[in-house]
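Colleague: Model the structure of this input:
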Amino acid sequence: MDLAAFFDSEMEEHAAVAKATREALAAPFQALVTVAVKSLRTGGKLLFFGNGGSAADCQHLATELTVRYKTDRAPIAAIALTTDTSALTAAGNDLGFDQIFARQIQALGKPGDVAVGISTSGRSPNVLEALRTARAGGLIAAGLSGRDGGQMAGLAEPLLIVPSDVTARIQEMHITLGQMLCGALEIELGLVTQDAG
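Modeller: Numbers count the residues shown, from 1 in each chain. As a prediction, the model looks like this:
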């Protein structure tokens, strides 16, 4: 294996997807920030959910918001629905794996909250079911996806679809966009100044 060539190829692919994401997602990103700010200002919260690497992103982003991102400031209401092993295993065992996030949204969500589903393919049944449940309950169903958006297209709005078919590149952009969301929320909510950090 030519490790130098591998390194260069991966970095070039990452840079190309980052450039395409920058060109394609400015408006959907702004829409996500706008709905999140509106929810948070009226006592709402963000609910993140996804599987595997996306579950890890959910936990990462909820922590950045509830604790701190760049500087010490007031907490921002966010929950990762991927962390409670008792709830996940009980719902999976008793109701089916496709209900593990939907059930928590029924229990914890309220109208005006923002439910953010993360799925690189846009086809994860439990993410789709949670988005449907969120919409039915008066929550804003939003999402991060890749490829063609899968079934999340038309179900999540706003939906940020990373313009790539490569899972690793999509995930890299998801965490970048997620961290940008954290930074934008801190500023838009007046918790930090734009030049902080």
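
Colleague: In terms of secondary structure, what does the longest strand anywhere in the chain contact?
Modeller: Of all the segments of type strand in the chain, defined by DSSP state E, the longest one is strand 140-146. Judged by 3 or more Cβ pairs under 8 Å, 6 or more residues apart in numbering; DSSP states H and E, strand 140-146 is in contact with helix 26-41, strand 114-118, helix 125-136, strand 159-162, helix 167-188. Every C-beta, even on glycine, is put in place using the N, C-alpha and C of the backbone.

Colleague: Distance to residue 1 for those - can I get that in a markdown table?
Modeller: Shown next, in a markdown table, are the helices and strands packed on strand 140-146 (distance: least, Cβ to Cβ, whole Å):
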| stretch | distance to residue 1 |
| --- | --- |
| helix 26-41 | 37 |
| strand 114-118 | 32 |
| helix 125-136 | 35 |
| strand 159-162 | 27 |
| helix 167-188 | 17 |
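
Colleague: Comparing the ones you listed, which stretch has the densest surroundings?
Modeller: Ranked by mean neighbour count under mean count of other Cβ atoms under 10 Å, the helices and strands packed on strand 140-146 are led by strand 114-118, which reaches a mean of 30.

Colleague: and of the helices and strands packed on strand 140-146, who's closest to residue 91?
Modeller: Nearest to residue 91, of all the helices and strands packed on strand 140-146, is helix 125-136, at 9.4 Å by Cβ to Cβ.
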